[in-house]
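Participant: sequence plus predicted model, see below.
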Amino acid sequence: AKVYNIDNWGADLFSINKKGNICVHPSSNSKNSIDLRVLVDDLIKRKIKPPILLRFMDVLQGRIASINRVFKNAIHENEYPAKYQTFYPIKVNQQRQVVEAIASYGKRYNIGLEVGSKPELVAGISISTGNGLPIICNGYKDGEYIETVLYATKIGYDITIVVEKLFELEKIITLSKKTGIRPKLGIRVKLSSKGTGKWATSGGEDAKFGLRMSEIMAAIRMLEEEGMLECVTLLHSHIGSQITKIDKIKTALIEAARIYTEMRKLGVGIEYLDIGGGLGVDYDGSKSSYFSSVNYTVEEYANDVIYQIKNICEEAGVACPNIISESGRATVAHYSVLVTNVLNTNTQGLMPDYETILEEMEKPAPTVRKLLDIYKSIDRYSLREDYHDTLQLINEAVSLFNLGYLTLQDRAIAEWLYARIIKKINSIVEKIKPIPEELQNFQLALRQTYFANFSLFQSIPDSWAIDQLFPIMPIQRLNQRPDVIASIADITCDSDGEITSFVGEHGRAKFLPLHKIRKDEDYYIGFFLIGAYQEILGDLHNLFGDTNAVHITFNKKTGYMIDTVINGDATWETLKYVQYKGPEILKRVREHLEKDVARRKVSIEESSHFIELLDRTLLGYTYLGE
Ligand code: PLP
């Protein structure tokens, strides 16, 4: 387990049981757990095929509860005189069932929703209908967006529209006057403080969104002139997602709180200070400020938020605001795990017995003979020289082959010997401390590609797009020492669809330790902490569609319950995105085949079997089956 660093990134939600399987706990340190391998075997018995996205709804609830608990404690400890509220930014994962679950569980914490576009607005309104869930509207807005929000206010939704740009405010004022509806307004400020990491440009002077100080003054004047200043109830700021350093967060908080106090002094009745997102997730367990990690805990974050805001407000003699955070990543990252099968590439029994072939060879080619000598004689003292010679000999084998001096069989044996020598060197290197510098990356020469039944572009796009680390590990055999070092390739026809960076025991590793897959063994790997952003950013590369998704809850009696099964895309569905229609394809092929049948080029049976195969493929899963 150590090699996967699970104890450091797992947030006490994942552990390994006596059978050597990964278990998921409903909340940190809970004694209850679900054995992932048993669960996957049960799902396969239910004919739910991998890749399967497992959504652990208790983990989601646990995260909502723990973020709220941590803030409650911080409020208590700092004697903060106002409240905290999370607004879940639905951009992080908009799946209806997920947002519904967040809304229903979060109700007790007064959770709200943050939306950033017209489609998200409609989704937010749909979820909030009938339960009064408050909504905050960010993003660029046109007249239709603004008018919808105004009427939503009129008919009783608790909805705040955040002004991101000055020209937006003009539109809001015009439409408010036209409709006679007074909106609840927020103002987003452009802080000069920047975040760190990949999304640092969401903050700072060059940020895409928010009003500069001069524009805030203009906005106050415009609103005052229209008698609408009291519509402003919220001040918003956001310096980016996954802020890796706590000191950046502190600086931004101080600036936002200062603006709040100054605006209050100017008579703007702001009740809420919305500090946006930024609360990061420690994906690799390194607790560092590297962008797949964060150098602080949720507790530290909450304490800083409460402390800094209180401090600034007290200094200024201004009432403390209610605090809102839009912590989406930290809410949903942990609750989903993608599990898929590794294609069993065990070639045992298929390869010729090169050992015997070599023995029986009367006169092996000189290159082969030299490699064989190295293989037999190599030891720790000859290591370096033999390593260099081996590299030279394998290159020589290729050149000789290309020139026609080596047969295919000779080259095959040379290749086989090379692999054996490298393995032998590795077993020697492992015992030498310190490892000679040039042999340190040596293990990479042994790295094998394991093919997993998934699309990187669909399921963990950030791994490809921004080289983000996600914990990846086998879900079984964790009581057995991994004996293979591997990279993980997906099944798209794209060479970018390969993962060569992993969460390792000592930070980023260039390979993943896995087990040699036995013949007829089903071997599964899990991709963890993928609940935030990955599902919606995923694309249809090679037309691999959404994976099957299953919602699971813990159950004391039965271990777990399957709440919902959401079928992944069928082939006809991904084809439809690119304007192919299943029935039309079948019709076209059938008509063509009928002509061939008439000409006796194709038999009726062949034709109908082909149509049947196409039909089955269209209705089936886009990923690999048997
Ligand atoms: N709020 C706003 C306005 C955002 O743009 C974002 C995403 O960048 C978030 C909240 C979510 O932030 P996080 O990913 O840190 O949860």
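Facilitator: Great, that's in hand.

Participant: roughly how far apart are the residue in the stretch 1-150 of the chain that the ligand sits nearest to and residue 33?
Facilitator: Going by CB to the nearest ligand atom, the ligand is nearest to residue 89 of the stretch 1-150 of the chain, at 3.9 Å. Any C-beta I mention is one placed from the backbone N, CA and C, and that applies to glycine too. Distance of residue 89 to residue 33, computed by CB to CB, to the nearest Å: 30 Å.

Participant: who's more crowded, these two?
Facilitator: residue 89 (27 against 18; other CB atoms under 10 Å).

Participant: list the contacts of that one.
Facilitator: 113-116, 277, 326, 328 (CB atoms under 8 Å, 6 or more residues apart in numbering).

Participant: over to residue 517?
Facilitator: So residue 517 contacts 342, 344-346, 523 (CB under 8 Å, 6+ apart).

Participant: not counting its neighbours along the chain, what's nearest it?
Facilitator: Spatial nearest neighbour of residue 517, chain neighbours left out: residue 523 (4.6 Å); criterion: CB to CB, 6 or more residues apart in numbering.

Participant: might you report the residue contacts of residue 188?
Facilitator: 138, 162-164, 209-211, 236-238.

Participant: now residue 597: which helix or strand?
Facilitator: For residue 597, the host element (DSSP states H and E) is helix 582-598.

Participant: quick check: mean pLDDT across that helix?
Facilitator: Averaging pLDDT along helix 582-598 yields 97.

Participant: mind giving me the packing neighbours of it?
Facilitator: helix 571-577, helix 604-619 (3 or more CB pairs under 8 Å, 6 or more residues apart in numbering; DSSP states H and E).

Participant: the shortest one - contacts with which helices or strands?
Facilitator: To tie it back to what came earlier, the one meant is helix 571-577. helix 582-598, helix 604-619.

Participant: residues in contact with stretch 280-287: which ones?
Facilitator: Contacts of stretch 280-287 (CB under 8 Å, 6+ apart): 5-11, 197, 241-244, 290, 292-295, 329-330, 333-334, 468-471, 503, 507-508, 529, 532.

Participant: please repeat the previous calculation with a cut-off of 6 Å.
Facilitator: For stretch 280-287, the surrounding residues in contact (CB atoms under 6 Å, 6 or more residues apart in numbering) are 5, 8-9, 242-243, 292-294, 329-330, 333, 469, 503, 507, 529.

Participant: quick one: it near the ligand?
Facilitator: No: Stretch 280-287 lies out of reach of the ligand by CB under 6 Å from any ligand atom, never closer than 6.8 Å.

Participant: quick one: which of the contacts of residue 517 is nearest the ligand?
Facilitator: Of the contacts of residue 517, the one sitting nearest to the ligand (CB to the nearest ligand atom) turns out to be residue 342, at 30.7 Å.

Participant: in this protein, what residue sits furthest out from the centroid?
Facilitator: residue 362 (56.6 Å; CA atoms, centre = their mean).

Participant: any idea how far whichever strand or helix holds residue 261 is from the chain center?
Facilitator: Residue 261 is part of helix 246-265, with elements assigned from DSSP H and E. Relative to its chain's centre, helix 246-265 lies at 31 Å (CA atoms, centre = their mean, to the nearest Å).

Participant: can you tell me the strand partners of whatever helix or strand comes next after that helix and which way each runs?
Facilitator: Per DSSP H and E, the first helix or strand lying C-terminal to helix 246-265 is strand 272-274. Here strand 272-274 is paired, per DSSP bridges, with strand 232-236 (parallel), strand 322-325 (parallel).

Participant: pull out the buried positions in the shortest one.
Facilitator: Within strand 322-325, the residues that qualify as buried by neighbour count (16 or more other CB atoms under 10 Å) are 322-325.

Participant: in the helix holding residue 597, what's buried?
Facilitator: 582, 593, 597.

Participant: cool, stretch 355-365 as well?
Facilitator: Per 16+ other CB under 10 Å, stretch 355-365 contains these buried residues: 358, 364-365.

Participant: ok, which residues in the protein are in contact with the ligand?
Facilitator: So far as CB under 6 Å from any ligand atom goes, the chain lies against the ligand at 89, 92, 114, 138, 202, 238, 241, 276-279, 326-329.

Participant: farthest pair within these?
Facilitator: Spanning the widest gap among the residues of the chain next to the ligand are 138 and 279, at 16.8 Å by CB to CB.

Participant: where does the protein get nearest to the ligand, which residue?
Facilitator: For the chain, CB to the nearest ligand atom, closest residue to the ligand: residue 277, 1.8 Å.

Participant: for the residue lying closest to that residue once chain neighbours are set aside, what are its contacts?
Facilitator: Excluding its sequence neighbours, the residue lying closest to residue 277 (CB to CB, 6+ apart) is residue 326, at 4.7 Å. By CB under 6 Å, 6+ apart, residue 326 lies in contact with 87, 89, 114, 276-277.

Participant: let me know the pLDDT of residue 326.
Facilitator: On the pLDDT scale, residue 326 gets 98.

Participant: ok, now residue 203?
Facilitator: 68.

Participant: could we number from 34 for the rest of this?
Facilitator: All right, first residue 34 from here; so that's residue 236.

Participant: sorry, back to before: filter the contacts of stretch 313-320 down to the buried ones.
Facilitator: 38, 41-42, 275-276, 325-327, 362-363, 366, 502, 536, 562.

Participant: take those residues and keep only those in strands.
Facilitator: residue 536 (DSSP state E).
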